[in-house]
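**Student:** Take this sequence and fold it.
(one chain, ligands or ions: 2)
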Amino acid sequence: MGTLLQGAGGAAGLALGPVYQWQRVAATVDPPNEPPDVALARFHAAQRAAASRLRALAERQRAAGLREADLFDAQALLVEDDTLTDGVTALVLEGQPLTAAIQAVVAQMQSLLAELDDEYLRERAADMAAVGVELLRALAGDQAPPPIPPGAIVVADDLTPAETVDLPHYVAGFATAGGGPTGHTIILARARGVPAVVGLGDEILRVADGTSLLIDGNAATVLVDPDQDALLAAQERMAALRAARQRQAALRDLPGRLRDGRPVALWANIGRPAEARLAREYGAEGIGLFRTEFLFLDRAAPPNEDEQYAAYRAVLAELPNCPIVIRTLDVGGDKPLPYLPLAPEANPFLGVRGLRLSMQRPDLFQTQLRALLRAAVHGDIWIMLPMVTTPADLAWARAQMQEAAAALAAGGVDHRPDPPLGVMIETPAAAVLADQLARDAAFFSIGSNDLAQYTLAVDRGHPVLAVRYHADDPAVWRMMELAARAAQQAGIPIGICGELGGDPNAAPALVGLGLDELSMAPASIPAIKERLAQLTWAEAQAAAARCLVTEPPAPSP
Ligand code: PEP
Ligand code: MG
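**Tutor:** Numbers count the residues shown, from 1 in each chain. Ligands and ions are numbered 1, 2, ... in the order given. Here you go, the predicted model:
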């Protein structure tokens, strides 16, 4: 049956093809006794070339509507980073050959970053390694790599993000010895829709060129030299996947609805304006959650009003005439911002998060509201509040919105004073008091990711308690039902924007609760649309009724 290798992470899909053992272009050998000024001139030219290649890759990603574009911009900055430049310059002036100097400084910066407590900075260590690869590649003069045979499965020790996006579109997939489930390489493979497995260990590097390899990105496995039965089974699954994709593509421009015609709006969750294009391509009828955090992360100061206004208008421009739900800043102790010092908290998830942070920093909130009210003149913007627990939270935010509108009016600035102001139902308090919240909320959207963690009292990222974290636990369903009933009684729309909204197994019951809208990752829309088109309203209601009474699974001890 062949040898099965288990990887650490995968990008969904099946691929079958001959192995192509990919090799990075070898670093150049430095000329002996190169004078330091000549070596440094080569270094600066390589920096410029690497930065411009990375910026060009960023542009390409951006044009394709992929959020990973920013990663390449960040790497382009690192290529020209002062610490790197000064370190290499010092070593070259001491007489080290240029290539060795670059390798030494990159390794040193990488190990400094890898030791830090902060997860975000630790991830930058991988970026630093990629930057080293890019610099050596530029020094080697960007030689064309040997051609990869069409339909091959690329096998490599590791691939940097730039090398990943540079793989020709005709490769069937790739498999690497290194890499982890949340690394940029696999994230890029998912974004490109290429089946891939990373973290397979060195055994994969010993597979001979041309050997047949079957990648199962969903299971994060590869099968080396599959036998006839395995091949047949894989070919059947691939044919079924292709057929499903074709069926679903045919539904792309149809609105979401059940078999008996009941409409269910299918909207997309996005984290960057560029992803709005992807949402449109997958047939989204609106944006159900625009996480505005991206505007605030990875920078030294908060974004100003005009920057935010431009970002909101960019989303409106991609999806004209569609509802765009924009969530106000949702960061806090669990996602700190460098320019926003917060007192350390023992329980950040129960601390100054979401709207609570806005209450501590009304200046930031006012800037965001002003940008939103100005952008709302140009499209159907709905403003959504995160981490609401009481009607007083909503009342405070409404007063803030009125204050922002009054200030804009006083300054003669064009704006819409009263876009729909709604709340996320992501705390048990909001679900239980949904009837009171519904008196003043224009809409509800269930944040099942947080609602599950607070209802079940399990940290949503807890490595050991993951077996207890089920967004489809009956306790969570009952919370969602409370919110759905309250919304229906008050006559306001209710949707969901947590991960559960894009789960084909949960979608029937969510619709059965009476939700008007499901919002999800853009790529999940086609399968959900197809699932709903097969479902009647009576079946959806029966599915909801079952979810409310099913006994929760027993967690293992
Ligand atoms: C949620 O909690 O379900 C949600 C959509 O918000 P986030 O995942 O950004 O916390
Ligand atoms: Mg949340």
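
**Student:** use CA for all of it now, contacts and neighbours both
**Tutor:** Fine.

**Student:** So which other helices or strands are in contact with the one helix or strand Leu316 maps to?
**Tutor:** Using DSSP states H and E, Leu316 falls within helix 305-318. Under the contact criterion of 3 or more Cα pairs under 8 Å, 6 or more residues apart in numbering; DSSP states H and E, the helices and strands touching helix 305-318 comprise helix 275-281, helix 362-375.

**Student:** For the longest one, buried residues please.
**Tutor:** Translated: helix 362-375. Buried residues in helix 362-375, defined by neighbour count with 16 or more other Cα atoms under 10 Å: Leu364, Phe365, Gln366, Thr367, Gln368, Leu369, Arg370, Ala371, Leu372, Leu373, Arg374, Ala375.

**Student:** what about the closest residue in space to the fifth one that isn't next to it in sequence, neighbour count?
**Tutor:** Counting by Cα to Cα, 6 or more residues apart in numbering, the nearest residue to Gln368 once its immediate chain neighbours are dropped is Glu305, at 6.5 Å. Glu305 has 17 neighbouring residues, counting by other Cα atoms under 10 Å.

**Student:** got it, and Leu71?
**Tutor:** By other Cα under 10 Å, neighbour count at Leu71 equals 18.

**Student:** and it, that's in a helix?
**Tutor:** Yes. Secondary structure assignment places Leu71 in a helix (DSSP: H, G, I helix; E, B strand; the rest coil).

**Student:** got a list of what the nearest residue to Asp330 once chain neighbours are set aside touches?
**Tutor:** Computed as Cα to Cα, 6+ apart, the closest residue to Asp330 that is not its neighbour in sequence is Gly354, at 4.0 Å. Contacts for Gly354 (Cα atoms under 8 Å, 6 or more residues apart in numbering) come out as Thr328, Leu329, Asp330, Val331, Gly332, Leu385, Pro386, Met387.

**Student:** from the residues you listed, which has minimum pLDDT?
**Tutor:** When these are compared on pLDDT, Gly332 comes out lowest, with 82.

**Student:** pretty sure it contacts Leu357?
**Tutor:** Yes. The pair Gly332 / Leu357 is scored as a contact, 6.4 Å apart, by Cα atoms under 8 Å.

**Student:** circling back: redo the buried residues of helix 362-375 as CSV? Include pLDDT.
**Tutor:** Listed next are the buried residues of helix 362-375 as CSV, based on pLDDT from 0 to 100:
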residue, pLDDT
Leu364, 96
Phe365, 98
Gln366, 98
Thr367, 98
Gln368, 98
Leu369, 98
Arg370, 98
Ala371, 98
Leu372, 98
Leu373, 98
Arg374, 98
Ala375, 98
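
**Student:** can you list these in a markdown table and add distance to ligand 1?
**Tutor:** Below are the buried residues of helix 362-375 laid out as a markdown table (distance: Cα to the nearest ligand atom, whole Å):
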| residue | distance to ligand 1 |
| --- | --- |
| Leu364 | 19 |
| Phe365 | 18 |
| Gln366 | 21 |
| Thr367 | 21 |
| Gln368 | 17 |
| Leu369 | 19 |
| Arg370 | 22 |
| Ala371 | 21 |
| Leu372 | 19 |
| Leu373 | 22 |
| Arg374 | 24 |
| Ala375 | 22 |
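
**Student:** Going by contacts, tell me the helices and strands next to the longest helix belonging to the chain.
**Tutor:** Longest helix in the chain by number of residues, with DSSP state H as the criterion: helix 36-63. The criterion is 3+ Cα pairs under 8 Å, 6+ apart, and the helices and strands that helix 36-63 contacts are helix 69-79, helix 82-93, helix 98-114, helix 119-139, helix 161-166.

**Student:** Could you tell me the angle between it and helix 98-114?
**Tutor:** Computed with axes from the mean of the first three to the mean of the last three Cα atoms, to 10 degrees, the direction of helix 36-63 lies at 50 degrees from that of helix 98-114.

**Student:** which parts of helix 36-63 are buried?
**Tutor:** Of the residues in helix 36-63, 36, 39-40, 43-44, 46-51, 53-59, 61-62 count as buried by neighbour count, 16+ other Cα under 10 Å.

**Student:** Please apply the same query to stretch 315-335.
**Tutor:** So for stretch 315-335, counting by 16+ other Cα under 10 Å, buried means 315-319, 322-333.

**Student:** which other residues reach that stretch?
**Tutor:** Under Cα under 8 Å, 6+ apart, the answer for stretch 315-335 is 273-274, 276-277, 280, 285-293, 337, 342, 344-345, 348-349, 351-355, 357-358, 365, 368, 378-387.

**Student:** please redo it, this time with the cut-off set to 6 Å
**Tutor:** 273, 276-277, 286-293, 348, 352-354, 380-385 (Cα atoms under 6 Å, 6 or more residues apart in numbering).

**Student:** Can you flag which of these belong to helices?
**Tutor:** Ala276, Arg277, Glu293.

**Student:** how much space between the last one and Glu285?
**Tutor:** Separation of Glu293 from Glu285 (Cα to Cα, to the nearest Å): 23 Å.

**Student:** When the two are compared, which one has more neighbours?
**Tutor:** Counted by other Cα under 10 Å, Glu293 and Glu285 do not tie: Glu285 has more neighbours, with 23 against 17.

**Student:** and the angle from the strand or helix carrying Ala407 to helix 362-375?
**Tutor:** Per DSSP H and E, Ala407 falls inside helix 391-410. Helix 391-410 runs at 60 degrees relative to helix 362-375, counting by the same axes, to 10 degrees.

**Student:** which element follows helix 391-410 toward the C-terminus?
**Tutor:** Moving toward the C-terminus from helix 391-410, the next helix or strand (DSSP H and E) is strand 421-425.

**Student:** list the helices and strands that next one packs on?
**Tutor:** Contacts defined by 3 or more Cα pairs under 6 Å, 6 or more residues apart in numbering; DSSP states H and E place strand 421-425 against strand 380-385, strand 444-446.

**Student:** That's all I had, so thanks and see you.
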